[in-house]
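K.L.:
with the input below, show me the fold.
(4 chains)
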4 protein chains.
Amino acid sequence: MIKVGIVGGTGYTGVELLRLLSSHPRAEILAITSRNETGQAVSSLFPSLRGKLDMLFSVPDDDSTVAAFKACDLVFFATPHGIAMQQAPDLLSSGARVIDLAADFRLKDPQVFEKWYGMPHSQPELLKTAVYGLPEINRTDIRAARLVGLPGCYPTSVQLGLAPVLRQPAPLVDEMTLIADCKSGTSGAGRRASIGMLLSETSDNFHAYGASAHRHYPEIVQGLSAIAGRDIGLTFVPHLVPMIRGIHATLYARILPAAQNRDFQALYEDYYRAEPFVDVLPSGSHPETRSVRGSNLLRIALHRPQADMLLALVVEDNLVKGAAGQAVQCMNLMFGLNESTGLEQVPLLP
Amino acid sequence: MIKVGIVGGTGYTGVELLRLLSSHPRAEILAITSRNETGQAVSSLFPSLRGKLDMLFSVPDDDSTVAAFKACDLVFFATPHGIAMQQAPDLLSSGARVIDLAADFRLKDPQVFEKWYGMPHSQPELLKTAVYGLPEINRTDIRAARLVGLPGCYPTSVQLGLAPVLRQPAPLVDEMTLIADCKSGTSGAGRRASIGMLLSETSDNFHAYGASAHRHYPEIVQGLSAIAGRDIGLTFVPHLVPMIRGIHATLYARILPAAQNRDFQALYEDYYRAEPFVDVLPSGSHPETRSVRGSNLLRIALHRPQADMLLALVVEDNLVKGAAGQAVQCMNLMFGLNESTGLEQVPLLP
Amino acid sequence: MIKVGIVGGTGYTGVELLRLLSSHPRAEILAITSRNETGQAVSSLFPSLRGKLDMLFSVPDDDSTVAAFKACDLVFFATPHGIAMQQAPDLLSSGARVIDLAADFRLKDPQVFEKWYGMPHSQPELLKTAVYGLPEINRTDIRAARLVGLPGCYPTSVQLGLAPVLRQPAPLVDEMTLIADCKSGTSGAGRRASIGMLLSETSDNFHAYGASAHRHYPEIVQGLSAIAGRDIGLTFVPHLVPMIRGIHATLYARILPAAQNRDFQALYEDYYRAEPFVDVLPSGSHPETRSVRGSNLLRIALHRPQADMLLALVVEDNLVKGAAGQAVQCMNLMFGLNESTGLEQVPLLP
Amino acid sequence: MIKVGIVGGTGYTGVELLRLLSSHPRAEILAITSRNETGQAVSSLFPSLRGKLDMLFSVPDDDSTVAAFKACDLVFFATPHGIAMQQAPDLLSSGARVIDLAADFRLKDPQVFEKWYGMPHSQPELLKTAVYGLPEINRTDIRAARLVGLPGCYPTSVQLGLAPVLRQPAPLVDEMTLIADCKSGTSGAGRRASIGMLLSETSDNFHAYGASAHRHYPEIVQGLSAIAGRDIGLTFVPHLVPMIRGIHATLYARILPAAQNRDFQALYEDYYRAEPFVDVLPSGSHPETRSVRGSNLLRIALHRPQADMLLALVVEDNLVKGAAGQAVQCMNLMFGLNESTGLEQVPLLP
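P.N.:
The predicted model follows:
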């Protein structure tokens, strides 16, 4: 059994990790911390776990918690950004591996981190060794990784939606005018008291946010450029959908004249043929977010509304493939398990 | 492996059966029929099942379907009422067992069936041998049953919410003035085109329906009377909630003066102590429907707002414990499996 | 023109007052205060009002605000409880009249107030002169009132739903076993940051709350007893519906044997025949909350599911008839206007 | 008073017309037809109108209906496409004017109509005289029109969102690579029984539809080209949002190098300064659909996420500015009224 600990188990990525890990056949949860809920039963906060997980939230800093974490093979951080970079060095030196679900180890350049997250990065050396946890792109590195920075929810959908057309020797599309019009359910904003996320404010309502600047923007640009091996240019506009789970990315790429005869459907199907969690739908489909609800799947459909327009529609569950499920997928890789272990839930529809 | 067939797999109880059975370790689906979707891939109708269940809907009456069903150990009917009673006799005589998720085998009295469902019952003899599939009440009979009439979604919540207080040698509450104020998500209305169930009509809206007469009323009265061993009187008012899944039953029982010192919390905890799917919450809790979403659990909490008032709050997922999950629970019993096999999903929250 | 001021205009009852008053032909808003939003344009907080109401939130205590309020004919308090009782005396002595939309002047007994609201009442003398602002019950008193305590949202629906049967010389129903099973949209919880009211928590979910004790309970008991002129007994269970606006009260009253031949439909129709805002639907109807959305209407339908059971289904918009609309209705009465002035909005459906 | 008739008053644009016209101070409704609901009270179908509009649906073809329509000054068609073109000629020749809310008189080229709507156009001559009812573009023509083809809901939002930048002597943006990523609530699909629009299917879900071809595409291309006076190229992708009302258009235009120093905010503010229903928000805003709910307003906000990218975010209520409200706006123009008469509703928020 892989002994795991979770730092910050009271948010939505935390409870989703608990859902997945509590029924994972090869993982055993040793400790879950929460500064605010110390001593509370996990199941009193998340009644869905009553009878499935009978643990208490432990105080982050006390001796028994520290000891429990040092006995872990793997520690997940489901905390706000800025926590993992403080605590990861000790855990790593005690032999544990670390997967950070927040932003501390996503961006390679500490200056970029500081600009977008408003704090200096305290571990720029660790950044160099951290592996970006997107298995479909980085599987080999993840297998060997001791420290994984897990992609954000939007970046997962945009990168996997464009990877096949960007990872090419010569450009097929105008890589400087990519557009990602993305839509997310409210759980992406986390389990935090906020007027803007009340049902009274968000239900029967729709709007964009962060249209001029969103923290996932530099991460997506970094990721797409790495995939292409060339600079890319991107416009990224996120929107809030009155639903709980799900991301829908609508991706626009202008096809270069020389590539307009390419069979993009075949290109995508070939690229993802062996992937357990990426499903390329028949051309012209319209994937629904609910078709992946509660599962680690990501589905893609392509359209060609005009000869020079490649349109990719991508759906994922932001809390699973966009967070906790991808974390478990990385864990499986890091510990030599079948990549799908504990991730075979059938999506919940309706 | 238990060989199973499903008649009418295109409704919500059908797709939920497919979700549960496709990952059940001891069941194997031989055939699924649909008159309207014959020849279609199941996964084209329910994209959540892509890659999990690669079957086609087969035509109900053709030879190969008939042969497949005759090879089944168990056939589920997820059809409108009136179908199972026509087809069950042949299947039973060919050796298959039958679980009907519709209403054909719920009501013991064929006159009552005819009154509420507007058609004569074609198999009054079979009604006598049919077992009511509520395991927490009828477990022994279900183990031996060849034909099970599965309870409706509301009746499950009301009967399990009141059973501990009714199954008593002498009445503890005024059994003639019971009230069940019930609320259901829209999936209870099935996957049928209907203006009244459009999101545009039901979202941001709330109303009662069938307040003077609902088909689940005679079933609940029959069930509660059987549990009590005495006649009971009931007012039952169902309401439609703008959500997909979930039933919340708010149950009111007037406590008799002599019983006002009873510890009802202990009574309920004792009654359900050994049950794998019934969870009695601490007194004064307010169970949420989402705390059982996607799972076979039913949770109950008791309140005593006045000395003579016993209030029971009950939640279940209408498609799982209220339909497909309870069907699988019955299957497990009928075939000697552990009752929880394939039913250990952790509820999806948020 | 009636010169009005609003204390605390940043909550949902506040913005609803602004919506109604900004198009009221006989009211002129002189000042709106907000401690947190001082100096902000009202329309920056509530973009729905851009171009309709070009004012700033003013600081509650500064001289110009105080002067503006002293020039008002009427001041509305759309604040949390505990504020109006502090500020009303000064305003009243300066000649303004006061309508409090919070709880400070609802309960007649200061001990009851203290028990349920956790603070002593600082103006027990004022309580004696305050008028309960339910026009269908208290119209004459409201016309003459200088200080009105506006009913809560639930109490409005329950009192108007039961008034015709209780305001009788001799009891028609068992007045000691009344039950009000009520359901409210989330706007009833106000515009306050809270995890429990996030869309991620409340959407696709349903639960009761305060089932053993809710602050509207003593107000309803006080109101129903006053209407009946006798003590009454009540069980009141509120529930949270995943919708923004609307209250649905499902009211159960046990009909006394001697009254089982009464025509309750006629009784209700007669009682409310002259009321501009109460609509008695044909017997057996199921009123929908959306049928009154955005309007000051309250609709009632009666059922007799059993001979001894009178079931009343009541809907209102909790922010209009349950709060701001009723406040304007009281204002109209207090200033000699037609009671419907500025309250003739057609409900928004769908 | 303007005497009006409505053909097909049972859909969502129909009920919205009734809401607006029933409180319009200068319009009087003479007749409403419905083939399916003949003889029913309008208020039995739409309880929101009880007490506001006491009429019956009349049978389309009988003599009294025909006479009533012939006495009308104006007839609205709130029917599926294909009806208005059959009935308009008679009405026009009897002296009534006509506003068609469906698609019959939107597209100038009958071949294009036939291609996208699957039926030949029976009145190609009338098409030539029909005026496109978008007042902000065509106000003068509408004033004089006898036959108006009202824009679709999406086309209204996209055309008004791009008009200021396209209606220029020389191009400011690459007019061949425009992108409109649009999102609509479910009421846009109409009041028609359909599995795909059930709450159980659309709630907690998001997807695109018609991504390769949607009937509003040729209308938008026609409109934008007319505004620009040049050919334009467009990609248009509509999506379904789990909400009732509202359209959000996210519009992408690539700014030409020579125009990158233009002040687009000033350009938009100038262009719409005198418009009663178009509101240009401060630069960098994120308009919400609810900020226009129930009103005839359309709000626009501009962003410049990259130097060469002009991003316009546009919201409207699809049933008001996208349909019935715009129809009333046209009526006001056609009959010499103030353009805002009867259209001053404050949006309903929350």
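K.L.:
flag every residue of the stretch 101-250 of chain A that's near chain C.
P.N.:
A:185-187, A:189, A:191-195, A:197-204, A:242-244 (Cβ under 8 Å from any Cβ of the partner chain). C-beta here means a position set from N, CA and C on the backbone, and glycine is covered the same way.
K.L.:
buried only: go through the residues you listed for me.
P.N.:
Using 16 or more other Cβ atoms under 10 Å in any protein chain shown as the burial test, those include A:185-187, A:189, A:191, A:197-204, A:242-244 as buried.
K.L.:
strands of the stretch 51-200 of chain A, start to end?
P.N.:
Taking DSSP state E, counting those that start in this stretch as the criterion, the stretch 51-200 of chain A contains strands spanning A:74-77, A:97-100, A:131-132, A:147-149, A:178-184.
K.L.:
who touches the longest one?
P.N.:
Counting by Cβ atoms under 8 Å, 6 or more residues apart in numbering or on different chains, the neighbours of strand A:178-184 from elsewhere in the structure are A:153-154, A:157-158, A:161-162, A:220, A:224, A:232-241, A:246-253, A:318, D:179, D:181, D:183, D:206, D:239, D:250, D:252.
K.L.:
just the third one next, same as before
P.N.:
Taking contacts as Cβ under 8 Å, 6+ apart, the residues outside strand A:131-132 that touch it are A:106, A:138, A:141-142, A:144-145, A:147-149, A:151, A:223.
K.L.:
what do you get for the first one?
P.N.:
Here strand A:74-77 makes contact (Cβ under 8 Å, 6+ apart) with A:2-8, A:17, A:69, A:83-84, A:87-88, A:91, A:96-102, A:104, A:327, A:331, A:334-335.
K.L.:
picking that back up, okay, the contacts of strand A:131-132 in JSON lines with pLDDT, neighbour count and distance to B:Ser340 next?
P.N.:
Output for the contacts of strand A:131-132, formatted as JSON lines (pLDDT from 0 to 100; neighbours: other Cβ atoms under 10 Å in any protein chain shown; distance: Cβ to Cβ, whole Å):
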{"residue": "A:Arg106", "pLDDT": "98", "neighbour count": "26", "distance to B:Ser340": "40"}
{"residue": "A:Asn138", "pLDDT": "97", "neighbour count": "19", "distance to B:Ser340": "38"}
{"residue": "A:Asp141", "pLDDT": "98", "neighbour count": "16", "distance to B:Ser340": "40"}
{"residue": "A:Ile142", "pLDDT": "98", "neighbour count": "22", "distance to B:Ser340": "34"}
{"residue": "A:Ala144", "pLDDT": "98", "neighbour count": "9", "distance to B:Ser340": "39"}
{"residue": "A:Ala145", "pLDDT": "98", "neighbour count": "21", "distance to B:Ser340": "37"}
{"residue": "A:Leu147", "pLDDT": "98", "neighbour count": "22", "distance to B:Ser340": "38"}
{"residue": "A:Val148", "pLDDT": "98", "neighbour count": "28", "distance to B:Ser340": "34"}
{"residue": "A:Gly149", "pLDDT": "98", "neighbour count": "29", "distance to B:Ser340": "38"}
{"residue": "A:Pro151", "pLDDT": "98", "neighbour count": "29", "distance to B:Ser340": "36"}
{"residue": "A:Gly223", "pLDDT": "98", "neighbour count": "28", "distance to B:Ser340": "42"}
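K.L.:
now, which of the residues you listed lie close to chain B?
P.N.:
Counting by Cβ under 8 Å from any Cβ, no member of the contacts of strand A:131-132 is near chain B.
K.L.:
how about those residues, which pair is most distant?
P.N.:
Maximum pairwise distance in the contacts of strand A:131-132, criterion Cβ to Cβ, is 19.6 Å, between A:Ala144 and A:Gly223.
K.L.:
and A:Ala84, how close does it get to chain B?
P.N.:
A:Ala84 is 23 Å from chain B, where distance means Cβ to the nearest Cβ, to the nearest Å.
K.L.:
and for A:Ser200?
P.N.:
With Cβ to the nearest Cβ as the criterion, A:Ser200 and chain B are 11 Å apart.
K.L.:
cool, A:Leu53 as well?
P.N.:
When A:Leu53 is compared with chain B (using Cβ to the nearest Cβ), they lie 8 Å apart.
K.L.:
does that residue touch A:Leu20 like I think?
P.N.:
No - taking Cβ atoms under 8 Å as the definition, A:Leu53 is not a contact partner of A:Leu20, at 11.2 Å.
K.L.:
more neighbours: these two, which one.
P.N.:
A:Leu20 (24 against 21; other Cβ atoms under 10 Å in any protein chain shown).
K.L.:
so what's that one up against?
P.N.:
The contact partners of A:Leu20, by Cβ under 8 Å, 6+ apart, come to A:320, A:324-325, A:328, A:342-343.
K.L.:
related to what we said a few turns ago, and which of the contacts of strand A:131-132 is nearest to chain B?
P.N.:
A:Pro151 (20.8 Å; Cβ to the nearest Cβ).
K.L.:
show me what contacts the residue lying closest to the closest one once chain neighbours are set aside?
P.N.:
Once flanking residues are discounted, A:Pro151 sits nearest to A:Leu134: 5.1 Å by Cβ to Cβ, 6 or more residues apart in numbering or on different chains. Neighbour list for A:Leu134: A:151, A:156, A:159-160, A:223, A:326 [criterion: Cβ under 8 Å, 6+ apart].
K.L.:
for stretch A:323-338, buried residues please.
P.N.:
Result for stretch A:323-338 [16+ other Cβ under 10 Å]: buried residues A:323-335, A:337.
K.L.:
again, but for stretch A:338-350
P.N.:
A:339, A:341-343, A:345-350.
K.L.:
cool, and stretch A:154-172?
P.N.:
For stretch A:154-172, by 16+ other Cβ under 10 Å, it's A:154-166, A:168, A:171-172.
K.L.:
still on that earlier bit, any chance of CSV for the strands of the stretch 51-200 of chain A, columns distance to D:Asp61?
P.N.:
CSV is the format used below for the strands of the stretch 51-200 of chain A (distance: least, Cβ to Cβ, whole Å):
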stretch, distance to D:Asp61
strand A:74-77, 70
strand A:97-100, 70
strand A:131-132, 68
strand A:147-149, 70
strand A:178-184, 46
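K.L.:
compare those strands and give me the one nearest D:Pro287.
P.N.:
Of the strands of the stretch 51-200 of chain A, nearest to D:Pro287 by Cβ to Cβ is strand A:178-184, at 15.7 Å.
K.L.:
between the closest one and strand D:178-184, how many degrees?
P.N.:
10 degrees (axes from the mean of the first three to the mean of the last three Cα atoms, to 10 degrees).
K.L.:
kindly report the domain assignment for chain A.
P.N.:
A:2-129, A:154-317 (automatic domain parsing).
K.L.:
mean neighbour count, those: which tops it?
P.N.:
domain A:154-317 (a mean of 21; mean count of other Cβ atoms under 10 Å in any protein chain shown).
K.L.:
which helix or strand contains A:His24?
P.N.:
Counting by DSSP states H and E, there is no helix or strand that carries A:His24.
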